[in-house]
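A.B. asks: Just the structure for this:
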Amino acid sequence: MTMPRSFALGGHFENFIDEQLRSGRYNNASEVVRDGLRMLEDRENLRQLQIAEIRQSIEASRKDGRTTPADEVLSRLEAKYTAMSDQAETQGDE
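C.D. replies: Next up, the predicted model:
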């Protein structure tokens, strides 16, 4: 069995816990904290799933050859924004 732990939550979270208890939704502070930790755990699990999906997508793109070298992408972006800048300067001179 684990030993009880003590945490300093600060005024903001102490007030939040008190509000939750006054609402009647929870019977004690431990219930509030456990519910919050469950939410955090769910969010972290979702985040890990999203990261795994992104990695799978990147790997699939690498395998099917639809990648573009970074130098090529940067060159195209530089050309695009140089043209936009030149156009803005030309319009400003009118």
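A.B. asks: helices or strands next to the longest helix anywhere in the chain in the packing?
C.D. replies: Longest helix in the chain, counting residues (DSSP state H): helix 29-64. Helix 29-64 is packed against helix 10-22, with contacts defined by 3 or more CB pairs under 8 Å, 6 or more residues apart in numbering; DSSP states H and E. (C-beta placed from N, C-alpha, C; glycine too.)
A.B. asks: returning to that earlier point: what separates whichever helix or strand comes after the longest helix of the chain from the chain centre, distance-wise?
C.D. replies: Proceeding N to C from helix 29-64, the next assigned helix or strand is helix 70-93, under DSSP states H and E. Offset of helix 70-93 from its chain centre (CA atoms, centre = their mean, to the nearest Å): 31 Å.
A.B. asks: I'd like the average pLDDT over stretch 81-94.
C.D. replies: Summarised as a single mean, pLDDT over stretch 81-94 is 84.
A.B. asks: what about this protein, any weak spots by pLDDT?
C.D. replies: 93-94 (pLDDT under 70).
A.B. asks: make it 50
C.D. replies: Counting by pLDDT under 50, the chain contains no low-confidence segment.
A.B. asks: Could you state which residue of it sits nearest its centroid?
C.D. replies: The centroid of the chain falls nearest to residue 47 when counting by CA atoms, centre = their mean (7.7 Å).
A.B. asks: now residue 3, what's its secondary structure?
C.D. replies: Three-state call for residue 3 (DSSP: H, G, I helix; E, B strand; the rest coil): coil.
A.B. asks: Distance of it relative to residue 68?
C.D. replies: From residue 3 across to residue 68, the span is 56 Å (CB to CB, to the nearest Å).
A.B. asks: ok, these two, which is more surrounded?
C.D. replies: residue 68 (9 against 5; other CB atoms under 10 Å).
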